[in-house]
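[1] A structural model of the following input is requested.
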Amino acid sequence: MKVNCKYIVFVVALLGSTFLYAQQYPQYTQYMYNTMSINPGYTGSRGHMSIVGLYRTQWVGLDGAPETQTLGIDTPVGKNVGLGLNVVHDALGPTNETYLDGNFSYTVRLDGKDELLSFGLKAGGRFFDADFSKGIFKDPDVAFQGDINKFYPTIGAGVYYHNSKGYLGVSVPNFFAEDHYDDVEEEIGVERVHFYFIGGKVFDLSYNVKFKPAFIVKYVPAAPVITDLSANFMFYDRFTLGAAYRWGDSFSGLIGLQITDGIGLGYAYDATTTNLRNYSSGTHEIYVRFEFKSNKEKLKSPRFF
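    From the prediction side, this is the model:
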């Protein structure tokens, strides 16, 4: 088999990175704009149809590094129900995974005029492909003598509390534990249940400047807790500039532009703090969001999450 030096460096570098042990699901730096893929309770919460597309290429310069594309569509149905569809394609080393999930939410109004609590469910499946002609294996196990093509059902749930100035949420994207390829140990292992905790708040610093801190905590049993912290400033409800930190892994810069009332763009660059910085030029992430607002909604203050 042809030896690829860059791929060897990739695998060796991963052995020194504890972060990847908990990364069995795609990760995002601009998670605050891609919330439905994390928590189905978010579905329909913007009050109108919304379409979000996101592309992430991680650790540029390393063959087999993660690459993710996401498409999410959601809309409210009536006063209390939200429906959505999420499609994710994630590639890592010799594996490709496609997630296809339908999302449902039901929202109840709490005692406060602006306090809402949404309960969400997601159901669908994951198409898993492993092509073991890619990559390099030392003393390969019999498991690598043939390719893998499997379908796994997924069922997840989430709770999402929100008002016009902030949000909190907890979710489990999939309750099933399944076989999963581990690019570090070169083996088929068991995928663990993932728990996500999210939150964010908008502060009015002045009439034209808003401060938007946010966080996401990812917990997987028997793996390190992963925490992302971000701080964004929005100017004139149009331009966003900020920074983020993924604990023990990377620093990020974020920039966004609300082109029109219905079109928003964003870009993030991650600079890793692990040994991978010696072999990679960083990570790039781009998102675009289309919103289909009614004329009445266009007169209201814009939503920032």
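[2] now do stretch 201-212: distance from first to last residue.
    6 Å (Cα to Cα, to the nearest Å).
[3] check stretch 38-55 too.
    Per Cα to Cα, stretch 38-55 runs 16 Å from first to last residue.
[4] and the next element down the chain from the lowest-mean-pLDDT helix or strand in the chain?
    One helix or strand of the chain scores below all others by mean pLDDT, DSSP states H and E: helix 5-15, with a mean of 39. Downstream of helix 5-15, the first helix or strand assigned by DSSP states H and E is strand 49-57.
[5] neighbouring strands - and their directions - for that next one?
    Using DSSP bridges, the strands paired with strand 49-57 are strand 67-77 (antiparallel), strand 283-292 (antiparallel).
[6] in TSV, list the ones you listed along with distance to Pro173, mean pLDDT and mean neighbour count.
    Bear in mind the C-beta positions are built from the backbone N, C-alpha and C, glycine included. Formatted as TSV, the strands paired with strand 49-57 follow (distance: least, Cβ to Cβ, whole Å; pLDDT from 0 to 100; neighbours: other Cβ atoms under 10 Å):
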stretch	distance to Pro173	mean pLDDT	mean neighbour count
strand 67-77	13	96	19
strand 283-292	19	96	18
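[7] so can I have CSV of those showing distance to Arg277?
    Shown next, in CSV, are the strands paired with strand 49-57 (distance: least, Cβ to Cβ, whole Å):
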stretch, distance to Arg277
strand 67-77, 19
strand 283-292, 11
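[8] out of the ones you listed, which gets nearest to Phe128?
    Phe128 sits nearest to strand 67-77 of all the strands paired with strand 49-57, at 14.9 Å, using Cβ to Cβ.
[9] how about low-confidence regions in the stretch 201-305 of the chain?
    297-302 (pLDDT under 70).
[10] what's the closest non-adjacent residue to Gly282?
    For Gly282, ignoring the flanking residues on the chain, the nearest one in space by Cβ to Cβ, 6 or more residues apart in numbering is Ala271 at 5.2 Å.
[11] helix or strand for the one you found, just tell me which one.
    strand 263-272.
[12] and if you look at Phe104?
    strand 95-109.
[13] paired strands for that strand, with orientation please.
    Applying DSSP bridges, you get strand 81-92 (antiparallel), strand 116-130 (antiparallel) as the partners of strand 95-109.
[14] in the last one, which residues are buried?
    Neighbour counts using 16 or more other Cβ atoms under 10 Å place Leu116, Ser118, Gly120, Leu121, Lys122, Gly124, Arg126, Phe128, Ala130 of strand 116-130 among the buried residues.
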